[in-house]
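Sequence first, then the predicted structure:
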Amino acid sequence: MFDNICKFLAENFSTDFATWLLGEPISLTELSPSELSLEPIRADALILLESAEIVLHLEFQTQPDANIPFRMIDYRLRVYRRFPQKQMRQVVIYLKETSSELVQQNTFTIAGTRHEFEVLRLWEQPTEVFLHYPGLFPFAVLGRTDDRASTLQQVAQEIIRIPDQRLQNNVAAATAILAGLVLEKGLIQRVLRRDNMRESVIYQEIEAEAQAKGIAQGIAQGRAEGLQEGIRQVAVNLLKSQMPLEQVAKLTGLLIEDVQLLQTELEGEST
């Protein structure tokens with residue numbers, strides 16, 4: 001979910017990201033991983049934006065990942081193969097504070113080869129950096145602040161000033177979801193109006209995904225319950241044939257206690 005939110009922000013507010021990370025508001029468009037000849041390692045976490053002169057590679061991480069350095073050099077070479085004339089900036093952005101040393105790694109090194117990339121740990125970034133551009137508002141509460149609740153309220157005030165209602169709703173929804181990494185749900189809902197967020201593209205996609213997941217889980221649960229009921233019925237039939245409890249348990253995989261309970265139920269029905 002957090003990968004999808006960050007990807008949405010980077011792709012829909014690319015100029016804000018360029019201003020933040022490249023130092024100038026250049027126009028960037030999405031670069032599909034399929035253009036790099038090979039299948040992406042993790043398409044869900046990969047964000048590639050390009051202009052005529054540069055490719056911006058972003059990786060957002062909520063948890064430390066030991067594979068990040070290899071992924072960085074792998075994509076640097078892929079981009080070079082496809083666009084040897086273009087510059088490339090690679091930035092790994094860690095969202096949630098951790099003491100893991102992995103979030104300090106900014107090089108890939110093997111014998112004879114060394115590749116460097118940039119790492120940003122949001123909890124070390126001043127919140128003011130994120131309060132100037134709508135596409136960065138959702139990161140403010142994850143920045144360096146002594147009072148995240150107050151920061152969220154400040155972000156909410158900035159969001160209200162966005163004149164486009166649809167844009168306002170999308171930024172509010174993204175802010176609420178990312179704030180969930182560091183703040184309680186109740187507080188977030190009090191500060192950010194949920195009715196507005198429900199109108200956002202982000203919120204609707206997440207609800208649809210959750211609904212689909214719930215349906216899939218329901219089907220799986222139904223299948224599991226049906227299978228369990230089938231096993232139970234087999235055990236009942238075996239008990240009715242006077243098969244010893246231990247053998248019934250062995251054949252059905254049920255615990256001996258469950259088989260004993262079934263036998264007790266059968267005996268109760270017969271009296």
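Now that the structure is in, tell me what you want to look at. Numbers count the residues shown, from 1 in each chain.

Show me what Thr29 bridges to in the sheet.
Glu50 (DSSP bridges).

And the strands in the stretch 1-150 of the chain?
Under the criterion DSSP state E, counting those that start in this stretch, strands of the stretch 1-150 of the chain are mapped to 29-30, 46-50, 54-61, 87-94, 107-110, 113-116, 118-121.

want to throw these into CSV with mean neighbour count, mean pLDDT and distance to Gly180?
The way it works is simple: take the backbone N, C-alpha and C, and place the C-beta from them, glycine included. Below are the strands of the stretch 1-150 of the chain laid out as CSV (neighbours: other CB atoms under 10 Å; pLDDT from 0 to 100; distance: least, CB to CB, whole Å):
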stretch, mean neighbour count, mean pLDDT, distance to Gly180
strand 29-30, 12, 86, 26
strand 46-50, 22, 82, 20
strand 54-61, 22, 93, 15
strand 87-94, 19, 95, 16
strand 107-110, 13, 96, 32
strand 113-116, 12, 96, 32
strand 118-121, 17, 96, 19
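
Tabulate these in CSV, adding columns for distance to Ala249.
Formatted as CSV, the strands of the stretch 1-150 of the chain follow (distance: least, CB to CB, whole Å):
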stretch, distance to Ala249
strand 29-30, 58
strand 46-50, 50
strand 54-61, 47
strand 87-94, 50
strand 107-110, 54
strand 113-116, 58
strand 118-121, 54
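
Which one of the ones you listed lies nearest to Lys240?
strand 54-61 (57.6 Å; CB to CB).

returning to what we had before: right, and the strands of the stretch 1-150 of the chain - which one's nearest Gly23?
Comparing the strands of the stretch 1-150 of the chain under CB to CB, the one sitting nearest is strand 87-94, at 10.2 Å.

same for the closest one, what does it pack against?
helix 14-22, strand 54-61, helix 68-82, strand 118-121 (3 or more CB pairs under 8 Å, 6 or more residues apart in numbering; DSSP states H and E).

ok and that strand relative to helix 68-82, angle-wise?
160 degrees (axes from the mean of the first three to the mean of the last three CA atoms, to 10 degrees).

Quick check, pLDDT for Phe13.
At Phe13, the predicted lDDT confidence score is 93.

contacting residues around the spatially closest residue to it that is not a sequence neighbour?
Spatial nearest neighbour of Phe13, chain neighbours left out: Gly135 (2.3 Å); criterion: CB to CB, 6 or more residues apart in numbering. Contacts for Gly135 (CB atoms under 8 Å, 6 or more residues apart in numbering) come out as 9-10, 12-17, 171.

What's the separation between Gly135 and Val79?
23 Å (CB to CB, to the nearest Å).

ditto for Ser51
With CB to CB as the criterion, Ser51 and Val79 are 13 Å apart.

More neighbours: which of those two?
Val79 (21 against 17; other CB atoms under 10 Å).
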